[in-house]
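J.: What shape does this take:
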Amino acid sequence: MTIAGIVAIAYGILSLVGGILGYVKSKSQISLISGTGSGVLLLIGAIAMLQGANWGAILATLITGVLIVTFLIRLSKTRKFMPAGLMVILGIPAFVTLLFPLINAQTS
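T.: Alright, predicted model coming up:
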């Protein structure tokens, strides 16, 4: 199991749980759909990475990047740390970690 796979699983679970908590707390269907959707896609990417498929790293990196941008926009609008700030702070190192398998695949 690679560190990138572990990071994708962790960020995927965080997104999945965050979407569910957003729905439970504020009845936000958008939180439920986007959180569970992005979480499931991150977990699919992680499983693919663990099986050696390069597309899994691409998928996980793209989803993480989209989440970072989305939550940066949300943070700038709401000025509330939770959940946007947390997702950005955890998303940036996750994004960088997920880039490594892609960079190594290009240089090999």
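J.: And the helices in the protein?
T.: Secondary structure of the chain (DSSP state H): helices located at 3-26, 29-50, 54-78, 86-107.
J.: mind giving me a markdown table with those helices and columns for mean pLDDT?
T.: Below are the helices of the chain laid out as a markdown table (pLDDT from 0 to 100):
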| stretch | mean pLDDT |
| --- | --- |
| helix 3-26 | 96 |
| helix 29-50 | 96 |
| helix 54-78 | 96 |
| helix 86-107 | 91 |
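J.: Report how many residues lie close to Phe95.
T.: For Phe95, the tally of surrounding residues (other C-beta atoms under 10 Å) stands at 19. C-beta here means a position set from N, CA and C on the backbone, and glycine is covered the same way.
J.: OK, contacts around the residue nearest to Gly85 when sequence neighbours are not counted?
T.: Spatial nearest neighbour of Gly85, excluding adjacent residues (C-beta to C-beta, 6 or more residues apart in numbering): Leu75 at 5.5 Å. By C-beta atoms under 8 Å, 6 or more residues apart in numbering, Leu75 lies in contact with Phe81, Ala84, Gly85, Val88.
J.: Contacts only, for the closest residue to Tyr23 other than its chain neighbours.
T.: Nearest residue to Tyr23, sequence neighbours excluded (C-beta to C-beta, 6+ apart): Leu32, at 3.8 Å. By C-beta under 8 Å, 6+ apart, the residues touching Leu32 are Gly19, Ile20, Gly22, Tyr23.
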